[in-house]
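J.: Quick one: sequence and predicted model below, then my questions.
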Amino acid sequence: MNSTALADLRKTYSRAELNESDAGVDPLVLFQRWLNEAIAAQVPEPNAMTLATVGSNLRPSTRIVLVKGCDVRGLVWFTNFDSQKGQELAGNPFAALQFHWVELERCVRIEGTVSRIDDAESDAYFHSRPLDSRVGAWASPQSQVIGHRGELDAEVARINAANGLHINEAGRTVSDDPSQARPIARPAHWGGYRLKPDLWQFWQGRPSRLHDRLRFTHSPSGEWLRERLAP
């Protein structure tokens, strides 16, 4: 595709509007409503979000992760602590998240501080994951250079053999004998993070690029301050 064709790509946004009365005064309530609407609309992977971190070299980096919890304490996702994002969060515990529900013409941007969740929460989620995902958490040295795909496959095979598991015809890890299989414990290098928001921004597409943008920030009194931003 040439640059002229790219320049001609555009879309008119007209599905909905975002006004102050509908938004309310609590950004968490609005976010949960929008997330539920994305789920109900069967948006592909409605819990997928972009996570932005900044390394010690001050270069930002982004990746897609899945939100697995959201309440008054913040938003939770799980990953390898030794990955690039884990190392960057260890040095700089500030991050930004973005949800983009294309079909609903909506974006949500969130900023705040990040901390690890406690081990009990990480254990509970890890043991709720499919068996092959638990094996994968052990097999993959996330963000590290590897020689070829076969290294991952060999490590999965080694872990499976050590735990009475095998890969079935559908490509899923299963137990040879469920009564004899060893439990797959959570690796110490894997667990959850929680971002506690101090800024929310909600974007609803509107015609003529005059989109609705509402920002929520903490006021000196601790309440959320809602402001409309120009598109």
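T.: Received, thanks.

J.: C-alpha only now, for contacts and for neighbours.
T.: Will do.

J.: Do a quick rundown of the helices in the protein.
T.: In the chain, the segments counted as helices under DSSP state H are 3-7, 20-23, 27-40, 84-91, 119-128, 131-139, 149-162.

J.: what sits up against the shortest one?
T.: If I follow you right, that is helix 20-23. The contact list for helix 20-23, computed with C-alpha atoms under 8 Å, 6 or more residues apart in numbering, reads 30, 214.

J.: Check the offset of that helix from the chain's centre.
T.: Centre-to-centre, helix 20-23 and its host chain are 26 Å apart (C-alpha atoms, centre = their mean, to the nearest Å).

J.: and the worst-scoring helix or strand of the chain on mean pLDDT, what other elements does it pack with?
T.: Ranked by mean pLDDT, DSSP states H and E, the helix or strand of the chain with the weakest confidence is strand 173-175, at a mean of 79. When contacts are defined as 3 or more C-alpha pairs under 8 Å, 6 or more residues apart in numbering; DSSP states H and E, strand 173-175 packs onto helix 131-139, strand 165-167.

J.: Now with 10 Å, please.
T.: Here strand 173-175 touches helix 131-139, helix 149-162, strand 165-167, going by 3 or more C-alpha pairs under 10 Å, 6 or more residues apart in numbering; DSSP states H and E.

J.: Need the ones you listed in CSV (columns: mean neighbour count and mean pLDDT).
T.: Output for the helices and strands packed on strand 173-175, formatted as CSV (neighbours: other C-alpha atoms under 10 Å; pLDDT from 0 to 100):
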stretch, mean neighbour count, mean pLDDT
helix 131-139, 19, 93
helix 149-162, 15, 91
strand 165-167, 20, 81
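
J.: I'd like the ones you listed as TSV, with distance to Gly24 appended.
T.: Formatted as TSV, the helices and strands packed on strand 173-175 follow (distance: least, C-alpha to C-alpha, whole Å):
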stretch	distance to Gly24
helix 131-139	39
helix 149-162	48
strand 165-167	50
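
J.: The residue lying closest to Lys85 once chain neighbours are set aside: neighbour count?
T.: Spatial nearest neighbour of Lys85, excluding adjacent residues (C-alpha to C-alpha, 6 or more residues apart in numbering): Thr53 at 6.5 Å. Neighbourhood size, Thr53 [other C-alpha atoms under 10 Å]: 23.

J.: Glu103 and Gln42 touch, don't they?
T.: Yes. Using C-alpha atoms under 10 Å, Glu103 is in contact with Gln42, at 9.4 Å.

J.: wait, which of the helices and strands packed on strand 173-175 is closest to Pro197?
T.: Closest approach to Pro197 among the helices and strands packed on strand 173-175 is made by helix 131-139 (27.5 Å; C-alpha to C-alpha).

J.: which residues of the protein score low on pLDDT?
T.: Flagging of the chain using pLDDT under 70 yields the residue ranges 1, 3, 178-182.
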